[in-house]
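**Q** Coordinates for the following, if possible.
(chains A and B)
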Amino acid sequence: MENMIYLKDVVTLNLNEEKCIGCGMCIEVCPHAVIGMNGAERARIQKRDACMECGACSCNCPTEAISVQSGVGCAAAIINTLLGRSDSPCCGPPDSYEKSSCEQSDSRGKTSCC
Amino acid sequence: MISPLSATDESQINPPSPEQPFVVGSVETPVGRVAQVSSTLTWRDRWGTVKARWGVGRMDYTVEPGLYALGNPDSQSHVLVTANYKMSFDRLRETLSGRDVWLLVLDTKGINVWCAAGKGTFGTEELVRRIALSGLSKVVSHRELILPQLSGPGVAAHQVKKFSGFRVHYGPIRASDLTAYLEAGLKATPEMRLKTFSLRERLALIPIEIVAAFKVSLLILITFFLLGGLGGPDEYWTNAMNYGLFAVVATLSAIVAGAVLTPILLPILPGRAFSLKGCIVGVVVALTLLIVRNPDLALWPGRLEMAAWLLLVPALAAYLAMNFTGASTYTSLSGVKKEMQTALPLQIGAGVAGLGLWLVSRFIA
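**A** Predicted structure coming up:
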């Protein structure tokens, strides 16, 4: 997996250590071990370039200590959206490729998640 | 705000149909009969997986959402949550063979867990709603749920707890690790939490890439073949069988380069951007084709034809490889946008230039 790292220095992930309570949920949900513990109290970003901006960490952070402009890294979905097409070969309609469900639901006021 | 339906209102409870082929019986619960499913996959289930991998009926490959029983679960048994994409559901019930558990299937519109979580259909809202609709809080006495880790982008565990009372445990990424996770007392090892992108995983995705590429390029292939007949030294069909057929072979080779070879060789190809990896494979494939083709480079038609395919094959391969970012398990949206900013104009430029050169080569021949 050493070569399974995408572009360097592009990721929008941020961790506000002041707000972190060290619950470890972000570590549990991250599929690329981007976040680790810094002692027992705080999380820290340990592999920033491995982040794929899926948004699982920020979605599951109970104190909103993590922010990331999450979405699906899918060229076809981006092209389809640029063309105004609604069918995407990736994962069905690309309606939310820009924002993870979590934040989108929030902006619509349906859930108070994240 | 979520307004959870009252779980005490039994008229709201909405069980899935027992008429589905994988239902083998039922289990009595305080909210009525719950459909019991088999943990053995039949040849029809496996054939369904093959068809979905090739894009046949993939957008309508679903099970009905709701609560199911596997084995003979009771009020103490674990509750595992999954998507209503049939392949996800099949993987789960197959791996849990011999256990007594509840399966809560969310309505993700037939989309797999990870993609549905990214879109929000596998999300806090649907989970809280489905808990209420299934009467789960009467079926089990505990308040614990096991979710696939990859549902994390859609589900906020603390919100689920707040709105439904159920605590979310994120299980392993792969269904095949579930047994070990359950036996360890809901503890996942660090390896279970890592999303890999092994050769086997990449191979499984290649059919759908090929199908998608073919759907788009079929018309292009026919056009190339027919245009190949125009101009040239011989009569129409002789030309078409020469220049047109080579155009078809070259386009198909570009599809193989971008949608088959690049995914297979992904980790060992140089560069990080998928389009660069695809372009490199495209150049190698184009050079191989031209060595086989051996055009007459002393004359302009041969030179232009060679130049055209040296532009077109890498451009198409790079484009298809770039689209594989959507299937990959590690590309970020920021990264794909950055890659596209450079790669897409180059692909379009090379495509237009290559097409122009090829058409000119046809008419000066």
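**Q** ranges for the strands of the chain?
**A** You didn't pick a chain, so chain A it is. A:14-15, A:35-38, A:42-45, A:66-67 (DSSP state E).
**Q** hmm, I had chain B in mind actually
**A** Under DSSP E, chain B gives strands at B:23-29, B:32-37, B:66-70, B:79-83, B:101-106, B:144-147, B:167-170.
**Q** Would you convert those strands into JSON lines that also reports mean neighbour count and distance to chain A?
**A** Just so you know, the C-beta spots here come from the backbone N, C-alpha and C atoms, and that holds for glycine as well. Output for the strands of chain B, formatted as JSON lines (neighbours: other CB atoms under 10 Å in any protein chain shown; distance: least, CB to the nearest CB, whole Å):
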{"stretch": "strand B:23-29", "mean neighbour count": "15", "distance to chain A": "26"}
{"stretch": "strand B:32-37", "mean neighbour count": "19", "distance to chain A": "25"}
{"stretch": "strand B:66-70", "mean neighbour count": "25", "distance to chain A": "21"}
{"stretch": "strand B:79-83", "mean neighbour count": "27", "distance to chain A": "12"}
{"stretch": "strand B:101-106", "mean neighbour count": "24", "distance to chain A": "12"}
{"stretch": "strand B:144-147", "mean neighbour count": "21", "distance to chain A": "10"}
{"stretch": "strand B:167-170", "mean neighbour count": "20", "distance to chain A": "5"}
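**Q** Is it possible to get a markdown table of the strands of chain A that adds mean neighbour count, mean pLDDT and distance to chain B?
**A** Shown next, in a markdown table, are the strands of chain A (neighbours: other CB atoms under 10 Å in any protein chain shown; pLDDT from 0 to 100; distance: least, CB to the nearest CB, whole Å):
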| stretch | mean neighbour count | mean pLDDT | distance to chain B |
| --- | --- | --- | --- |
| strand A:14-15 | 18 | 96 | 12 |
| strand A:35-38 | 18 | 92 | 10 |
| strand A:42-45 | 18 | 95 | 14 |
| strand A:66-67 | 20 | 96 | 12 |
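**Q** Can you pull the domain assignment for chain B?
**A** B:10-193, B:199-364 (automatic domain parsing).
**Q** among these, which is nearest residue A:54?
**A** domain B:10-193 (4.6 Å; CB to CB).
**Q** closest one to residue B:57 among the strands of chain B?
**A** Taking the strands of chain B one by one with CB to CB, strand B:79-83 is closest: 16.5 Å.
**Q** interface residues of the stretch 151-300 of chain B facing chain A?
**A** B:152-159, B:170, B:173, B:188, B:190, B:193-197, B:208, B:212, B:266-268, B:272-274 (CB under 8 Å from any CB of the partner chain).
**Q** do you know which of the strands of chain A lies nearest residue A:55?
**A** Here strand A:66-67 is closest among the strands of chain A (CB to CB), at 9.2 Å.
**Q** Buried residues, the lowest-mean-pLDDT helix or strand in chain B. List them.
**A** Lowest mean confidence among the helices and strands of chain B (mean pLDDT, DSSP states H and E): helix B:236-239, at a mean of 89. Neighbour-count burial for helix B:236-239 flags residue B:239 (criterion: 16 or more other CB atoms under 10 Å in any protein chain shown).
**Q** again with stretch A:16-32
**A** Going by 16+ other CB under 10 Å, stretch A:16-32 has these buried residues: A:20, A:23, A:25, A:26, A:27, A:28, A:29, A:30, A:31, A:32.
**Q** Name the nearest of those residues relative to residue B:342.
**A** residue A:32 (24.3 Å).
**Q** Could you measure from that closest one over to chain B?
**A** According to CB to the nearest CB, to the nearest Å, residue A:32 stands 7 Å off from chain B.
**Q** How about that residue, nearest residue that isn't a chain neighbour?
**A** Leaving out its chain neighbours, the residue that sits closest to residue A:32 by CB to CB, 6 or more residues apart in numbering or on different chains is residue A:50, at 4.3 Å.
**Q** Help me confirm that that neighbour comes into contact with residue A:5.
**A** Yes - at 5.8 Å, residue A:50 counts as touching residue A:5 under the criterion of CB atoms under 8 Å.
**Q** Mean pLDDT per element in chain A, and the minimum belongs to which helix or strand?
**A** helix A:101-108 (a mean of 43).
**Q** As a quick check, tell me the outermost residue of chain B.
**A** Each residue of chain B has a distance to the centre, and by CA atoms, centre = their mean the biggest one is for residue B:298: 47.2 Å.
**Q** Please determine how far that one is located from residue B:289.
**A** 20 Å (CB to CB, to the nearest Å).
**Q** and the residue of the stretch 1-150 of chain B found nearest chain A, backbone torsions?
**A** Nearest to chain A in the stretch 1-150 of chain B, going by CB to the nearest CB, is residue B:120, at a distance of 2.2 Å. The phi/psi pair for residue B:120 (degrees, to the nearest 10) reads phi 100, psi -10.
**Q** Quick check: it touching residue B:156?
**A** No - judged on CB under 8 Å, residue B:120 makes no contact with residue B:156 at a distance of 11.1 Å.
**Q** Could you check which of the two is surrounded by more residues?
**A** Neighbour totals were compared for residue B:120 and residue B:156, and residue B:156 leads with 30 against 27 (other CB atoms under 10 Å in any protein chain shown).
**Q** circling back to that earlier point, so which of the strands of chain B gets nearest residue A:80?
**A** strand B:79-83 (22.2 Å).
**Q** Let me know the angle separating that closest one from strand B:66-70.
**A** Strand B:79-83 runs at 120 degrees relative to strand B:66-70, counting by axes from the mean of the first three to the mean of the last three CA atoms, to 10 degrees.
**Q** list the helices and strands strand B:79-83 packs on?
**A** Counting contacts by 3 or more CB pairs under 8 Å, 6 or more residues apart in numbering or on different chains; DSSP states H and E, strand B:79-83 is packed against helix B:86-95, strand B:101-106, helix B:113-119, strand B:144-147.
**Q** Just the CA atoms of it, as PDB, please.
**A** Output of strand B:79-83 as PDB, limited to C-alpha atoms (Å, rounded to 0.1, in the frame of the first residue of the first chain):
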ATOM      1  CA  VAL B  79     -27.900  -6.200  15.300                       C
ATOM      2  CA  LEU B  80     -25.800  -5.700  12.100                       C
ATOM      3  CA  VAL B  81     -26.700  -2.900   9.800                       C
ATOM      4  CA  THR B  82     -26.200  -2.900   6.000                       C
ATOM      5  CA  ALA B  83     -27.300  -1.400   2.700                       C
END
